[in-house]
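# coords please:
(one chain, ligands or ions: 2)
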Amino acid sequence: MFLEMKGITKSFKKFKIKDLSFKMEKGEIVGLVGISGSGKTTIASMLLKLILPDSGSYLINGRNALSIKRKDFSRIVQGIFQNPARALNPRKKVSFLLKEPYLAHGKSPDDLEIKRLLESLSLPKEVLNETPNNLSGGQLQRIAIARALSLRPSFLIADEPTSALDPTVQIQIIDLILKLNRKEKIGIFFISHDLNQVFYLSEKVIVISEGIIMEMGDADEIMKNPHPYTMYLMKGKFSEANREKGKCPFYSICPLAKEICRDSMPELKKTGENHLTRCHLL
Ligand SMILES: Nc1ncnc2c1ncn2[C@@H]1O[C@H](COP(=O)(O)OP(=O)(O)OP(=O)(O)O)[C@@H](O)[C@H]1O
Ligand SMILES: [Mg+2]
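Ligands and ions are numbered 1, 2, ... in the order given. Presented below is the predicted three-dimensional model:
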């Protein structure tokens, strides 16, 4: 099974996703990294069909994903988000919250199935009698992950799933995602503004700026030979305020920028075996 976006565009009043194309195989971890406002959640929302693209195609196994019925789609693609509490009814006990997705699909999980689910997420069985407001952020994210995985989807879209958590809990959730990927062969689309997390987890990486893919390819190849923009992000500089706009979104902050970078947008071109880079100078 694979998931593919081809030539996707999406315009808001002041923001545009331009010509977004990438492919992801089942069982693969693809990381998406970019600063705040670069369009990460917009891409996640399109992958989850929460918003529709203006143009382009979204395919699952070659089939138009937009024509797949919501119920069938939710068995293929699921999402987890930065604030798990928002998706969990605060008045319901965890025992219900874990059963809810099964019930929505006309299934009734037995206690053993719920027990296995808790174990695979390293949650103690005591949480079953709690409501979300009595649990930690890390526990809530584990419950959100359990709910997303209960229908055994092929792809999990994870939009900054660790950003609201303490650093030690972040590492636990990252390791949990890695474990689930290896055990269940679930494909993970992992979104973060944290390059370290993205490169630690992902086999393939997509780097975006202002809704445009700047670089995409095998994580190892990008690490060895990064785009100047990615190198800039690697140094932990995320501010893009007050800069002169050029056709290359990175024009005014790039240490290598030349006139051509101001005057024309570079194409995304092959710079390695499995590596595409949008830069006039590479
Ligand atoms: N529904 C909407 N209507 C208008 N503009 C929107 C809408 N959703 C997002 N935007 C704008 O699109 C841009 C990209 O937003 P998006 O949430 O995708 O960024 P992001 O990379 O996820 O940022 P962050 O790291 O802060 O989560 C922003 O400028 C945002 O204001
Ligand atoms: Mg976001």
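# Report the separation between Gln141 and ligand 1.
16 Å (C-beta to the nearest ligand atom, to the nearest Å). Quick note: C-beta positions are derived from backbone N, CA and C, even for glycine.
# So which elements touch the lowest-mean-pLDDT helix or strand in the chain?
Using mean pLDDT, DSSP states H and E, the weakest-scoring helix or strand in the chain turns out to be helix 228-234, at a mean of 84. The criterion is 3 or more C-beta pairs under 8 Å, 6 or more residues apart in numbering; DSSP states H and E, and the helices and strands that helix 228-234 contacts are helix 195-201, strand 204-209, strand 212-218.
# if we go to 10 Å?
strand 29-33, helix 195-201, strand 204-209, strand 212-218, helix 219-224, strand 275-278 (3 or more C-beta pairs under 10 Å, 6 or more residues apart in numbering; DSSP states H and E).
# Flag every buried residue along the fifth one.
Residues of helix 219-224 classed as buried: 219, 221-222 (neighbour count, 16 or more other C-beta atoms under 10 Å).
# same thing with the second one?
Across helix 195-201, burial judged by 16+ other C-beta under 10 Å covers 195, 197-201.
# would a markdown table of the residues you listed with pLDDT and distance to Ile8 be doable?
Converted to a markdown table, those look like this (pLDDT from 0 to 100; distance: C-beta to C-beta, whole Å):
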| residue | pLDDT | distance to Ile8 |
| --- | --- | --- |
| Leu195 | 92 | 24 |
| Gln197 | 93 | 25 |
| Val198 | 95 | 21 |
| Phe199 | 95 | 24 |
| Tyr200 | 94 | 27 |
| Leu201 | 95 | 23 |
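# re the thing from before, convert the least confident helix or strand of the chain to CSV, retaining C-alpha atoms only.
C-alpha atoms of helix 228-234 as CSV (Å, rounded to 0.1, in the frame of the first residue of the first chain):
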residue,chain,number,x,y,z
PRO,A,228,21.5,25.7,2.8
TYR,A,229,18.1,26.2,4.3
THR,A,230,18.1,22.9,6.1
MET,A,231,21.6,23.6,7.4
TYR,A,232,20.2,26.9,8.8
LEU,A,233,17.4,25.0,10.5
MET,A,234,20.0,22.5,11.8
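# Kind regards, and thank you for your time.
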